[in-house]
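[1] A structural model of the following input is requested.
(2 chains)
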Amino acid sequence: MSAVRVIDPGPLAFVQDLGRPGLAALGVSASGAFDRAAHRLANRLVGNDEGAAAIECLLGGLRLALPAGTWFAVTGAWSDAVLVTDDGRRRVEPHTATLVASASELHLGPVTHGLRSTVAVRGGLAVPLALGSRSRDTLAALGPEPLHAGDVLPLGPEPAAPVPAADLVPVDPPTDGVVELGVRPGPRHDWFDATAWSLLLTSEWTTSARSDRTGVRLEGPALARVPDLVGVELASEGMLRGSLQVSPDGAPTVLGPDHPVTGGYPVIAVVVDAALDRLAQLRPGQPVRLRLVAGRR
Amino acid sequence: MRLLPCGDRALLAEFATLEAALAAHAGWSSAAPAGIVELVPAARTVLVRLDPGVLGLGAAEQWLTAHAAIATAALPAAGLVTLPVVYDGDDLAVVAEAWGCSPHAVADRHAATAWVCAFIGFAPGFPYLVPAGAALPPVPRRATSRPQVPTGAVALAAEYCGVYPRPSPGGWQLIGRTDAVLWDADRASPALVTPGTRVRFTAVRP
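    All right, here's what the predicted structure looks like:
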């Protein structure tokens, strides 16, 4: 069986697919690729099922040994990527299926735009399933361990679909400037008064370095509760990817794919589905603005 | 039942009691239409996660309201699990104070109580158990979390009893330990206790 070998995982790299939804009643989050669009695109580019397992790597720096005849694609965060063979080095275009003619090493440089890159390989990574998924859930410690140097990741069978003939896919790199995230009211929107809501929607927030797949912390003004609810404990309730929970000190955190299934901090707002992938690419220090999106409720 | 907004792909149903929330979760789970991706039961709520491309928020709201009747059915019964416990936890004295009894009586009272799993949260397979009958006095959380609570620790906080499925930080008061395996991802049913499961604890010697 064909396999990919990890030479260097870089700062942090995981195997991810589209997660294991439907197990929340057992205390298990959906988890899955943080940048779902990048994951799907990388797989489509090499003719895989969109949900095939791929590598999600943080900050670049990943080095993989790829056997001859392998197709791969890199999406998500941008970095200078090169394919190194005995004959020399060749630049790898992002968002393009690349064929490895002879056994080579893929080297991703440090990320230049965005934070998380996806590397899909044709056939998908056939590591063992855990509860129906190959995703690493970092909070629950479920699924494949974070990648280590020397790991051998077997590839699945040749997919039925050919590698699409598409040339370069014109995808903009993740933005370096202010990122706008649409939100809708959350279940505890009324635990916060007009002042807090005004701060929420008019402040320029800063992405905290203390962010991970569990949640992205936003630094800025404190969001105070209405006076009657200060110090009140909320009974634990179900959480969602994108839930914007506010801790007792008034700091908001947007929950990521590996969020706890239930939580006891009030959720003032929820990031809309269309904006969730942008969370994956927020760099520490990057400014964020929240915008209220019109909707049914 | 109140339906609260929860972004563009979920609703949060809130109930007056834990029993009503559990019954709604059981009733809706058995009849959920396509487009309801997940139902997450908790203390007073059920989170209803949707695929808005299949079932919109409005349609989901109508369905949940129309089927609120089954939400008043009796508490679901999902079998009985008996957990052997060595009652030697470090926080027996704290619980004894909250309950107004001796540390020894804490063990007796805990083992004499019929518990039922309200929901799973915190970690895979971590059950939030409540007394099936009369409530016990609430137990305060620890002021600071322990960095590492061992697997199988039996603990109390607020109105709940929990069992740690794996080592993790924890702020609950420890009263004992069990060698029952609460979570095994390789087992056909990974969680030993699921919402609705009745649980009894029996004291064993170390």
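
[2] now residue 95: closest residue in space, sequence neighbours ignored.
    Reading this off chain A. With sequence-adjacent residues excluded and distances taken as Cβ to Cβ, 6 or more residues apart in numbering or on different chains, residue A:95 is closest to residue A:169, at 4.3 Å. For the C-beta atoms, the positions are set from N, CA and C on the backbone; glycine is no exception.

[3] ah, no, chain B please
    Once flanking residues are discounted, residue B:95 sits nearest to residue B:106: 5.0 Å by Cβ to Cβ, 6+ apart.

[4] how many neighbours does the residue nearest to residue A:95 have?
    Residues within reach of residue A:169, counting by other Cβ atoms under 10 Å in any protein chain shown, total 16.

[5] contacting residues for it?
    Residue A:169 makes contact with A:41, A:45, A:95-96, according to Cβ atoms under 8 Å, 6 or more residues apart in numbering or on different chains.

[6] paired strands for the helix or strand bottoming out on mean pLDDT in chain B, with orientation please.
    Lowest by mean pLDDT, DSSP states H and E among the helices and strands of chain B is strand B:168-170, with a mean of 83. Within its sheet, strand B:168-170 is paired with strand B:146-149 (antiparallel), according to DSSP bridges.

[7] who touches the partner strand?
    So strand B:146-149 is contacted by B:155, B:164, B:167-172, B:174 (Cβ under 8 Å, 6+ apart).

[8] pull the CA atoms of it into PDB?
    Output of strand B:146-149 as PDB, limited to C-alpha atoms (Å, rounded to 0.1, in the frame of the first residue of the first chain):
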ATOM      1  CA  ARG B 146      -7.500  20.100  40.600                       C
ATOM      2  CA  PRO B 147      -5.100  19.900  37.700                       C
ATOM      3  CA  GLN B 148      -5.600  16.100  37.400                       C
ATOM      4  CA  VAL B 149      -8.500  14.100  38.600                       C
END
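
[9] could you identify the helix or strand that succeeds that strand?
    Sequence-wise, the next helix or strand downstream of strand B:146-149 (DSSP states H and E) is strand B:153-157.

[10] give me the helices and strands touching that following strand, please.
    Under the contact definition 3 or more Cβ pairs under 8 Å, 6 or more residues apart in numbering or on different chains; DSSP states H and E, strand B:153-157 sits against strand B:160-163, strand B:173-177.

[11] relative to strand B:153-157, how tilted is the longest one?
    To tie it back to what came earlier, the one meant is strand B:173-177. For strand B:173-177 against strand B:153-157, the angle by axes from the mean of the first three to the mean of the last three Cα atoms, to 10 degrees is 150 degrees.

[12] which ones are touching the residue of the stretch 1-150 of chain A at minimum distance from chain B?
    Chain B sits closest to residue A:27 of the stretch 1-150 of chain A, with a gap of 3.8 Å, by Cβ to the nearest Cβ. Neighbour list for residue A:27: A:140, A:261, B:120-126, B:191 [criterion: Cβ under 8 Å, 6+ apart].

[13] so for residue B:171, what's the pLDDT?
    With respect to pLDDT, residue B:171 scores 84.

[14] returning to what we had before: with distance to residue A:33 as added columns, please give the contacts of strand B:146-149 in a markdown table.
    Below are these laid out as a markdown table (distance: Cβ to Cβ, whole Å):
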| residue | distance to residue A:33 |
| --- | --- |
| B:155 | 34 |
| B:164 | 29 |
| B:167 | 28 |
| B:168 | 25 |
| B:169 | 27 |
| B:170 | 30 |
| B:171 | 32 |
| B:172 | 33 |
| B:174 | 37 |
